[in-house]
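Novice: this one's sequence-less:
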């Protein structure tokens, strides 16, 4: 007896929201960028709204995007906002694989976030590279859209559900000075800081090792969180 084999769907990579035929496993920006220290909860730059970018196609903006990618890669993150490397500009990068196996990668400058409040909310464990090692359950809208531009001023629109929506919301809110931690109850905030205190030394060491593997100069982290919390 012959059986018809179900055709497997080939995962798609979306660069700046558009499908591409081929894309390297490691984003090209990682090779060009520097690995910088990730700022930590309590540092003022994380809790202050970032400035709008008004000049495009500059070496400084290109360097910022490259540095964000390299730093995100060293920290094994899926998104990183400019304030997380101490730069108060409205820029974030992302590189994640969603539940269908599709990869989403790129950067957004001056993003405007639209959360679909009519979509079914989803509660998942969420963490932040600026609160290393801490994960807490957090309800987020199940669908979100971000509209902005790329580093050259070209239009970018990203829409997603589930994990992608959570990333878009998380990173966009960073640029308003809001961390996922700010949405937690006092008990969960306290628990998150306990997790951070326990896990931070191992995570900082791992970030250093990965930076060296990437042939980058690892950043220096203070023994205790720079934010003082």
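Specialist: Arrived safely. Here the structure is a predicted model, which means the values were calculated and not measured.
Novice: Phi, psi for the most centrally placed residue in the chain please.
Specialist: Centroid-nearest residue in the chain, with Cα atoms, centre = their mean: residue 79, separated by 1.2 Å. As for residue 79, its main-chain torsions (degrees, to the nearest 10) stand at phi -160, psi 150.
Novice: For it, list each beta-bridge partner.
Specialist: residue 94 (DSSP bridges).
Novice: Hmm, it is touching residue 91, no?
Specialist: No - using Cβ atoms under 8 Å, residue 79 is not in contact with residue 91, being 11.6 Å away. No exception for glycine: its C-beta is placed from N, CA and C like everyone else's.
Novice: tell me, what's touching these two both at once?
Specialist: Both residue 79 and residue 91 lack any common contact, where contact means Cβ atoms under 8 Å, 6 or more residues apart in numbering.
Novice: pLDDT of the longest helix along the chain, averaged?
Specialist: Secondary structure of the chain per DSSP state H: the longest helix is helix 186-213. The pLDDT scores in helix 186-213 average 97.
Novice: What count of nearby residues applies to residue 111?
Specialist: The local packing of residue 111 (other Cβ atoms under 10 Å) involves 22 other residues.
Novice: element containing it, please.
Specialist: strand 103-115 (DSSP states H and E).
Novice: Pull out the buried positions in that strand.
Specialist: Buried residues in strand 103-115, defined by neighbour count with 16 or more other Cβ atoms under 10 Å: 103-111, 113, 115.
Novice: now, which of those residues sits nearest residue 214?
Specialist: residue 105 (16.9 Å; Cβ to Cβ).
Novice: how about the nearest residue to the closest one, chain neighbours excluded?
Specialist: Leaving aside its sequence neighbours, residue 105 sits nearest to residue 95 (Cβ to Cβ, 6 or more residues apart in numbering; 4.4 Å).
Novice: and what of residue 88?
Specialist: That would be residue 50: by Cβ to Cβ, 6+ apart, it lies 4.7 Å from residue 88.
Novice: contacting residues around that neighbour?
Specialist: 81-83, 87-91, 174-177 are the contacts of residue 50 under Cβ under 8 Å, 6+ apart.
Novice: ok, and the most crowded of the residues you listed?
Specialist: Counting by other Cβ under 10 Å, top hit in the contacts of residue 50: residue 81 with 31 neighbours.
Novice: I'd like the next helix or strand past the strand holding residue 111.
Specialist: strand 122-128.
Novice: Neighbouring strands - and their directions - for that next one?
Specialist: Strand 122-128 is paired, per DSSP bridges, with strand 131-140 (antiparallel).
Novice: For the strand it pairs with, buried residues please.
Specialist: So for strand 131-140, counting by 16+ other Cβ under 10 Å, buried means 131-136, 138, 140.
Novice: just the residues you listed now: which is nearest residue 55?
Specialist: Nearest to residue 55 among the buried residues of strand 131-140, with distances taken as Cβ to Cβ, is residue 131, at 31.8 Å.
Novice: so residue 71 is in which element?
Specialist: Using DSSP H and E, residue 71 sits in helix 59-74.
Novice: before we move on, back to that, the strand holding residue 111 - which strands sit beside it in the sheet, and in what orientation?
Specialist: Strand 103-115 is paired, per DSSP bridges, with strand 13-15 (parallel), strand 91-97 (antiparallel), strand 143-149 (antiparallel).
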